[in-house]
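**Q** Provide a 3D model corresponding to the input given below.
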Amino acid sequence: MGLEAQAIGPSRGGRTSKLHLPTDLLGRPIVLHLTPGNSADITAAPTLLAAAGRFRRLIADRGYDADSLRRDLAANGRNSVIPGRINRKRPVAHDPLAYRQRWRIE
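**A** Numbers count the residues shown, from 1 in each chain. Sure thing, here's the model as predicted:
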């Protein structure tokens with residue numbers, strides 16, 4: 001098996017992997033998804049959301065900031081609490097109090 005098949009990719013710190021882990025309200029893991037360290041976080045979003053099941057709100061960091069993800073969440077009646085990337089031309093609003101709940105998994 002190659003490095004890509006083992007979810008190992010180059011990054012600034014060397015060969016690494018990223019762990020994507022959606023949790024429930026109490027911080028208990030729902031799904032575990034491993035990607036190479038050089039992959040963008042947003043590429044894992046469709047897989048994670050499909051496996052996560054029902055939820056009302058997605059709290060995620062800037063790596064998951066994409067208009068397409070926000071549209072998909074809104075179309076399914078879900079709220080997104082994702083701050084916009086710094087280089088966004090149009091800033092997006094997010095709930096800073098809800099965003100503080102990310103400490104459970106960080």
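**Q** who's in contact with the nearest residue to Thr23 once chain neighbours are set aside?
**A** Using CB to CB, 6 or more residues apart in numbering and skipping the chain neighbours, the partner closest in space to Thr23 is Ile105 (5.1 Å). Any C-beta I mention is one placed from the backbone N, CA and C, and that applies to glycine too. Contacts for Ile105 (CB atoms under 8 Å, 6 or more residues apart in numbering) come out as Leu21, Thr23, Gly27.
**Q** ok, now which ones touch the first one?
**A** Right, the one you point to is Leu21. If a contact means CB under 8 Å, 6+ apart, then Leu21 has Pro29, Ile30, Val31, Leu32, His33, Ile105 as its contacts.
**Q** related to what we said a few turns ago, nearest to Arg85 among the contacts of Ile105?
**A** Nearest to Arg85 among the contacts of Ile105: Leu21, at 21.3 Å, using CB to CB.
**Q** which strand runs longest in the protein?
**A** Longest among the strand segments of the chain by residue count, using DSSP state E, is strand 14-20.
**Q** average model confidence for that one?
**A** Strand 14-20 comes out with an average pLDDT of 85.
**Q** how far does it sit from its chain's centre?
**A** For strand 14-20, the distance between its averaged C-alpha position and the chain's averaged C-alpha position is 14 Å (CA atoms, centre = their mean, to the nearest Å).
**Q** neighbouring strands - and their directions - for the next helix or strand after it?
**A** Beyond strand 14-20 in the direction of the C-terminus, DSSP states H and E gives the next helix or strand as strand 33-36. Strands that pair with strand 33-36, judged by DSSP bridges, come out as strand 14-20 (antiparallel).
**Q** buried ones in the partner strand?
**A** Neighbour counts over strand 14-20 (16 or more other CB atoms under 10 Å) mark Ser17, Lys18, His20 as buried.
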